[in-house]
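Participant: I would like the atomic coordinates for the input below:
(one chain, ligands or ions: 2)
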Amino acid sequence: MTQFYNAYLNLPNHFYRAVKPQPMLEADLVHCNQPLAHQLGLNFSAQQWLDITCGVAFPDGWTPIAQKYTGHQFGYYNPQLGDGRGVLLGQVNDAHDQAWDVHLKGSGQTPFSRQGDGRAVLRSAVREYLIGEALHALGVPTTRCLALCHGLENVRRDGLEPRATYLRVAKTHIRFGHFEWLAQQNDVVSFKALANYVIQTVYPDLATLPEPERYAQLLNTIVSRTAQMIALWQKVGFCHGVMNTDNMSVAGETFDFGPYAFLDDCQLHYVCNHSDTQGRYAYSQQPSMGLWNCQVLISAFAHVISEADAQHAAELYINTYNQAYLSGLCAKLGLANSLPQDKHFVADTLILLEQSSLDFHVFFNKLVYFNVEQRHCQSNPFTEFVGDSQAWQQWATRYQARLALEHANQEAAQNNLLHTALNPTQFETQRVALINTNTPQLVLRNYIAQEIIEAAQRKDYAPLTQWVHALREPFSVCDALKAYSAPPSQKGQKGLALSCSS
Ligand code: AMP
Ligand code: MG
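Facilitator: Ligands and ions are numbered 1, 2, ... in the order given. Alright, predicted model coming up:
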């Protein structure tokens, strides 16, 4: 029997407020995430899904609460944050006894709503649904949506928009900002209670460590997961858009989606958030903003760890990020192993892509056609894509030399193990397989998300269903969606920046 509970209620009272959701009546159940429901062992009827997602009735054991937290938004500390338009219903354990938080978003005002209406709109709900499935399939840790409802009510944003409510599943809803809040108040007892809660629910392997090592290891784990997550964002060309510390999960999952985007053209300083006029969260800035956020978290942990541990955590972020980024980008280039000097080749490749105004994803898709023997051959789809400029000819020479070195290194390693080395055909097969499994054919570009949203607003949910399925298998593309695997062709389809309003 599935057990529903809310473990957050065991924490001190001032950590949360009990909230009565404002139900969304007369709604459609737009989508229910069957694979995720199955993973969590949930087999509700359609009516139960609708009731839960609209905030009408919850299973016994779930108790809606709004969590208090704070955070740094665009560099400035905001003490007034908390769940303003969502509630934590509680947890459910999967077959492996892993606990998952279930959160209802858009369920109305809470004591932390400030001037806001506590509502969510269909546009943002659909975007969050799509991106959760897309990132998950790309191997990027992320929260995911479990169910989505579309209401009759309209909500005022830039104009009037249909209201939606949705369920979000996460390893935890504890943000960096939760720890900032307690540190700001010098409340060490509560800080430790929260740290132990995160350990119990997300990192149980740390539970047996003594203090203060337990807290130092918790911090190290959060920091290295964050570094790995951001390295994956860079690898898949994902821009989060609002990397404020209240939007950073201590589970290292991509969290709280706003005006996110995947790159179209390889614009390294691309800013997907209209309101981010300084480019604080530009694609190229994400790794250092991740470090900045971790440094805020490290400062909060300074209450319970030594200075040396704090210093170590910052270095851990940098080393973890650099390693994960380099191996991720090398894999996209068809290189099974990365060498320290590859960082120059990777950086130069991206700069050349930017200078050539080429699509970030399609470049790697086309790289499978790179012809090792006849690299300047005009009829080759790779050469056709990048052009035959001198810069690309030089790049091809460099790539070819790097491949030769890779093959030689692999041969030497195999010989040491007395194994037979790969012959050139097998090596080429390995290269192509690596490229194909490290860059998807289908990318959730913003213009595609916009088409799906506009259909959903007309109550045509078929494109959403079709894309949810397609994004779960992004490394191949069905005939019906083939056209979407090409770079955006029409004016206005590329590099769309969105507003923060959601
Ligand atoms: P976000 O931009 O979604 O990360 O939200 C930042 C803060 O503003 C959080 O504390 C939210 O709960 C709150 N917030 C954002 N939109 C609303 C809204 N429509 N109603 C109430 N609170 C909101
Ligand atoms: Mg947020």
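Participant: show me the domain layout of this structure.
Facilitator: Using automatic domain parsing, the domain parsing of the chain gives 7-173, 177-332, 363-438.
Participant: which of those domains has the lowest mean pLDDT?
Facilitator: Lowest mean pLDDT within the domains of the chain: domain 363-438, at a mean of 90.
Participant: could I get the domains of the chain as CSV with distance to residue 485 and mean neighbour count?
Facilitator: Where you see a C-beta, it was placed from the backbone N, CA and C, and this is true even at glycine. What follows is the domains of the chain, written out as CSV (distance: least, CB to CB, whole Å; neighbours: other CB atoms under 10 Å):
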stretch, distance to residue 485, mean neighbour count
domain 7-173, 14, 19
domain 177-332, 13, 20
domain 363-438, 7, 15
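Participant: residue 403 touches residue 430, doesn't it?
Facilitator: No: Residue 403 is not in contact with residue 430 according to CB atoms under 8 Å; the separation is 10.6 Å.
Participant: where do the contact lists of the two overlap?
Facilitator: Counting by CB atoms under 8 Å, 6 or more residues apart in numbering, the shared contacts of residue 403 and residue 430 are residue 334.
Participant: now do the helices in the stretch 401-502 of the chain.
Facilitator: 424-438, 446-457, 462-471 (DSSP state H, counting those that start in this stretch).
Participant: how about these in CSV, adding distance to ligand 2?
Facilitator: Formatted as CSV, the helices of the stretch 401-502 of the chain follow (distance: least, CB to the ion, whole Å):
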stretch, distance to ligand 2
helix 424-438, 30
helix 446-457, 19
helix 462-471, 23
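Participant: among those, which is nearest residue 49?
Facilitator: helix 462-471 (15.1 Å; CB to CB).
Participant: quick check: buried residues in that closest one?
Facilitator: For helix 462-471, a neighbour-count test (16 or more other CB atoms under 10 Å) marks 463, 464, 467, 468, 470, 471 as buried.
Participant: please tell me how far the second one sits from ligand 1.
Facilitator: Spelled out, it's residue 464. Residue 464 sits 22 Å away from ligand 1, going by CB to the nearest ligand atom, to the nearest Å.
Participant: the fourth one now?
Facilitator: Here residue 468 is placed at a distance of 22 Å from ligand 1 (CB to the nearest ligand atom).
Participant: quick check: chain neighbours aside, which residue is closest to that residue?
Facilitator: residue 133 (5.4 Å; CB to CB, 6 or more residues apart in numbering).
Participant: got the contact list for that neighbour?
Facilitator: Taking CB under 8 Å, 6+ apart as the test, what residue 133 contacts is 33, 144, 145, 468, 471, 472.
Participant: how does it look with 10 Å?
Facilitator: Contact analysis of residue 133 by CB atoms under 10 Å, 6 or more residues apart in numbering lists 33, 35-36, 142, 144-145, 444, 467-472, 474.
Participant: please save the CA atoms from the host helix or strand of residue 154 in CSV.
Facilitator: Element membership of residue 154 [criterion: DSSP states H and E] is strand 144-156. Output of strand 144-156 as CSV, limited to C-alpha atoms (Å, rounded to 0.1, in the frame of the first residue of the first chain):
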residue,chain,number,x,y,z
ARG,A,144,9.4,16.7,-13.2
CYS,A,145,5.7,17.3,-13.6
LEU,A,146,3.3,14.5,-12.6
ALA,A,147,0.0,16.0,-13.7
LEU,A,148,-1.3,19.2,-15.2
CYS,A,149,-4.8,20.8,-15.2
HIS,A,150,-6.2,23.6,-17.3
GLY,A,151,-8.9,25.8,-15.7
LEU,A,152,-11.6,28.1,-16.9
GLU,A,153,-10.5,31.1,-14.9
ASN,A,154,-8.3,33.7,-16.4
VAL,A,155,-5.3,35.2,-14.6
ARG,A,156,-3.7,38.6,-15.3
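Participant: measure whichever residue of the stretch 201-350 of the chain sits closest to ligand 2 to residue 400 for me?
Facilitator: Across the stretch 201-350 of the chain, the shortest distance to ligand 2 (CB to the ion) belongs to residue 256, at 3.7 Å. Counting by CB to CB, to the nearest Å, the gap from residue 256 to residue 400 is 43 Å.
Participant: and what of residue 44?
Facilitator: From residue 44 to residue 400 the distance is 56 Å (CB to CB).
Participant: now swap in residue 455 and tell me
Facilitator: 46 Å.
Participant: repeat that for residue 412.
Facilitator: On the measure of CB to CB, residue 412 and residue 400 end up 19 Å apart.
Participant: kindly report the same for residue 91.
Facilitator: Remark: distance between residue 91 and residue 400 (CB to CB) = 53 Å.
Participant: how about residue 298?
Facilitator: 43 Å.
Participant: same thing with residue 28?
Facilitator: From residue 28 to residue 400 the distance is 55 Å (CB to CB).
Participant: quick one, phi/psi of the nearest residue to residue 113 once chain neighbours are set aside?
Facilitator: Setting aside the residues directly before and after it, residue 113 is nearest to residue 84 in space (CB to CB, 6+ apart), at 4.2 Å. The phi and psi torsions at residue 84 (degrees, to the nearest 10) take the values phi -100, psi -20.
Participant: correct me, but residue 84 touches residue 115?
Facilitator: Yes: with contact defined as CB atoms under 10 Å, residue 84 reaches residue 115; the gap is 9.4 Å.
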